[in-house]
Every structure is written in C-alpha cells, then in structure tokens.
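# my questions concern the predicted model and sequence given below.
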Amino acid sequence: MGDVAMMVPVLRCLQNSYPNCKITVISKKFYKPIFEEFQNLAFFEVDFKKEYVGFSGILKLFKDLKNLKPTHIADLHSVIRTHLLRFLFKLNFYKIRSLDKQRSERKKLFRSKNKIFKPLTPNHYKYCEVLNRLGFDIDLSKHQFGGSLSIGHTTKTKLGEFDQKLKWVGIAPFASFQGKIYPLDLTQKLIAYLQQDHNVFLFGNGEYEESKLEVWTKSYKNVLGAYKLGSLREELEIISNLDLMVSMDSANGHLAANYNVPVISLWGLTHPFGGFAPFLSDQKNMFVSDRIKFPKIPTSAYGKKIPKGYRDVMRTIDLNEVIARCLEILK
C-alpha cells in the first residue's frame, strides 16, 4: 500500500499542470479511497484472485484496458504482471513507459559486503520520471497539499468519546515484516507517555495486530482504536486530521504525509536511503537503527532479511529521543 500511497503527490502535480487530463488508476479495490480527492480520475478495480487470474487473466485485463482507449500508459509498479501488459501494449503501438526500480543500485545498497551506502532517488521522483518520459512536465517542487477530510458521523460513533481539547497523535506500530517493527514494550511506553496529554489513535489490521492494540486501547484513557473503523476511507478521515503520525517504515507514514501531517518514522533493517521515506519528511523525524553496531543495515527494501544477531536492531533507537521529538512537533 505504501507504493500506491506515494502516487498521490505525483498525481496532484499532474492534475494541477494538466487539469483536462483524464487519469485512470488501475489497482486493487481496497486502495480506491486513497484517490477520492481527484477530479477527472477514474479507478479501475482489479482482482487477480478472481477476475484476472493467471496469463489468461492478463490477456483479459489487456483487452479491458484497451477499451478505455488510453493515449499514455505509465507502469508505476514494474513487476512481472505489468511487464507482460507492457509487452502487449507495445505490440499494439501504445505509448508506455515504466518505473526504473534502480535494481542494480539497490543491490549495492542492500548487500552485506562491499556495501555502497548512498541514497537512492526517492520513489516519488522516480514516479515523476515515468510521467516526464511520457511527455508530461511534472515538477514535485510545485506540489500543493489538499485539505483534511471531514470526519463522518459513522467514524465518530465507532471511535466513541474522546477529549476534543487534546491534540491527535497516530501510532502505527506494525509493518509487513518483523525487521521493521519497534519492540512492543517500547511502543507501549511511547503510547503510555503520549496519551497523558494527547489523544492517541492506534492503527493496524489483522487478528494478531488488533489483539495487541486492543490491550493498549483498554489500558489507557486517551487511547482510541482506529483499527476498529473497518474501512480505509474512515481511517483516512482520522489520519488526515492528525497533528502527528508515528509510523514504522510502512504505508501509514505515507498516507499521513499525503495530508501534510508531520511523520516520525522508525527504521529497523530498512533505511531512508532506500527511497521510501514519507513525502517531504524532515531528516530530524527519521530515526534509524545504529549502523555502527549493525553495519549490514539496510539489508533489503522491505526488511525481509534478518541476519544472525540483527533481530533487536531497533532497540538502538532511543525511546526518550523519539518522545522528545514528538513533544517538539506537538508544541
């Protein structure tokens, strides 16, 4: 979801520069609420488990997309499925460009030996490159944020009572892989401290994550379970109105950054140099694990690879420093 969320600032620039351009985003149905702010944007839902299964599904998807009569096609994912689609479109003389995932540079950054530790181009700018090569002049420096979403009655009802005078902090303690998750005992201390003077909204999904979040929600007065909302649209209502988001290297940080919410991001086996930092993130808001003690960091783009002895790398991120930075932003 983080890759999808990072499209938003780029599409804003595209729409602002070319207001008459009709855009179609092709992605999973779940992600549709991310793009509801856009005029002249259609969302084409794909389900690779039912309607577009296997190679025959790719052929069907190609035919369905052809019926949209696109003039320009941007592959912002660059995986096997989109490679096949790109090949089919090229055979039919469509103008199509794809994302350069900087694979060779990534290998040098993530390898254990002879690591070349230098930042890759952030993904937001790589998305812009694709559109530029299609002939669109996109400049992220001219990006303009939209407003926050209004919070609906349903969302308020599901969350229950909370102190309207307190500022709002979102905390998303989980990530897709263990190598990107701050130790839960330290996360609990962060929640316990911040909830004393702020409303803390907890984000997560799935049975395991929600069971952990439920314990904290019941334990502290000013902690609310955003995971109870049940839809991404309702979660975005809360996220867009936060005063601060604390996130792992995960999608929630990107979603918050899209609404100009300050994001404190915590990095374990991944690193901001990989190109996945939240949009316009302040360097002071990115807390990385100690590379002197753990020089193999970053080990991968997504934190999958955990070298021997590297399971607790995130304990080197000082909780007190994280709290201090939170309070500085919230002032």
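Okay, I see it. Only a predicted model underlies this, so the values are computations on that prediction, with no experimental measurement involved.

# which parts of the stretch 101-250 of the chain are helices?
103-110, 123-133, 153-159, 184-194, 207-219, 232-239 (DSSP state H, counting those that start in this stretch).

# need the ones you listed in a markdown table with mean neighbour count, mean pLDDT and distance to Val322, can you?
C-beta: built from backbone N, CA, C; applies to glycine. Compiled in a markdown table, these are given as follows (neighbours: other Cβ atoms under 10 Å; pLDDT from 0 to 100; distance: least, Cβ to Cβ, whole Å):
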| stretch | mean neighbour count | mean pLDDT | distance to Val322 |
| --- | --- | --- | --- |
| helix 103-110 | 15 | 96 | 25 |
| helix 123-133 | 19 | 97 | 25 |
| helix 153-159 | 14 | 91 | 25 |
| helix 184-194 | 17 | 98 | 6 |
| helix 207-219 | 14 | 96 | 17 |
| helix 232-239 | 21 | 97 | 19 |
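
# closest one to Leu280 among these?
Closest approach to Leu280 among the helices of the stretch 101-250 of the chain (Cβ to Cβ): helix 123-133, 9.0 Å.

# just put the helices of the stretch 101-250 of the chain in a markdown table and tack on distance to Ile58.
Compiled in a markdown table, the helices of the stretch 101-250 of the chain are given as follows (distance: least, Cβ to Cβ, whole Å):
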| stretch | distance to Ile58 |
| --- | --- |
| helix 103-110 | 22 |
| helix 123-133 | 20 |
| helix 153-159 | 38 |
| helix 184-194 | 41 |
| helix 207-219 | 32 |
| helix 232-239 | 26 |
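
# with Ile23 as the reference, name the closest of those.
By Cβ to Cβ (comparing all of the helices of the stretch 101-250 of the chain), the closest turns out to be helix 123-133, at 10.5 Å.

# who are the packing partners of the lowest-mean-pLDDT helix or strand in the chain?
Sorting the helices and strands of the chain by mean pLDDT, DSSP states H and E puts helix 153-159 at the bottom, at a mean of 91. Secondary-structure packing of helix 153-159 (3 or more Cβ pairs under 8 Å, 6 or more residues apart in numbering; DSSP states H and E): helix 232-239.

# just the CA atoms of the helix it packs on, as PDB, please.
Coordinates of the C-alpha atoms in helix 232-239 are reproduced here as PDB (Å, rounded to 0.1, in the frame of the first residue of the first chain):
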ATOM      1  CA  LEU A 232      -9.700   2.600   4.800                       C
ATOM      2  CA  ARG A 233     -11.900   5.600   4.000                       C
ATOM      3  CA  GLU A 234     -12.800   6.000   7.700                       C
ATOM      4  CA  GLU A 235      -9.100   5.600   8.700                       C
ATOM      5  CA  LEU A 236      -8.100   8.300   6.300                       C
ATOM      6  CA  GLU A 237     -10.600  10.700   7.900                       C
ATOM      7  CA  ILE A 238      -8.700  10.300  11.100                       C
ATOM      8  CA  ILE A 239      -5.200  10.300   9.500                       C
END
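
# packing partners for it?
In terms of contacts (3+ Cβ pairs under 8 Å, 6+ apart), helix 232-239 is packed against helix 153-159, strand 167-172, helix 251-257.

# select, out of the ones you listed, the one closest to Asp3.
helix 251-257 (8.5 Å).

# what residues does that closest one touch?
1-2, 4-6, 34, 170, 172, 203, 235-236, 239, 242, 245, 247, 263, 265, 278-281 (Cβ atoms under 8 Å, 6 or more residues apart in numbering).

# same check, this time on stretch 52-61
Residues contacting stretch 52-61 (Cβ under 8 Å, 6+ apart): 46, 48, 51, 81, 84-85, 88.

# okay, domains of the protein per the record?
2-142, 153-330 (automatic domain parsing).

# endpoints of the shortest one, how far apart?
Between the start and the finish of domain 2-142 there is a gap of 22 Å, counting by Cα to Cα, to the nearest Å.

# so for Phe279, what's the pLDDT?
Phe279 carries a pLDDT value of 97.

# try Gln39
Confidence score, pLDDT, at Gln39: 89.

# cool, Lys308 as well?
95.

# helix/strand/coil for it?
Secondary structure for Lys308, judged by DSSP: H, G, I helix; E, B strand; the rest coil, is coil.

# and for it, the neighbour number?
For Lys308, the count of nearby residues is 5 (other Cβ atoms under 10 Å).

# if I look at it, how far off is Met314?
Distance of Lys308 to Met314, given as Cβ to Cβ, to the nearest Å: 16 Å.
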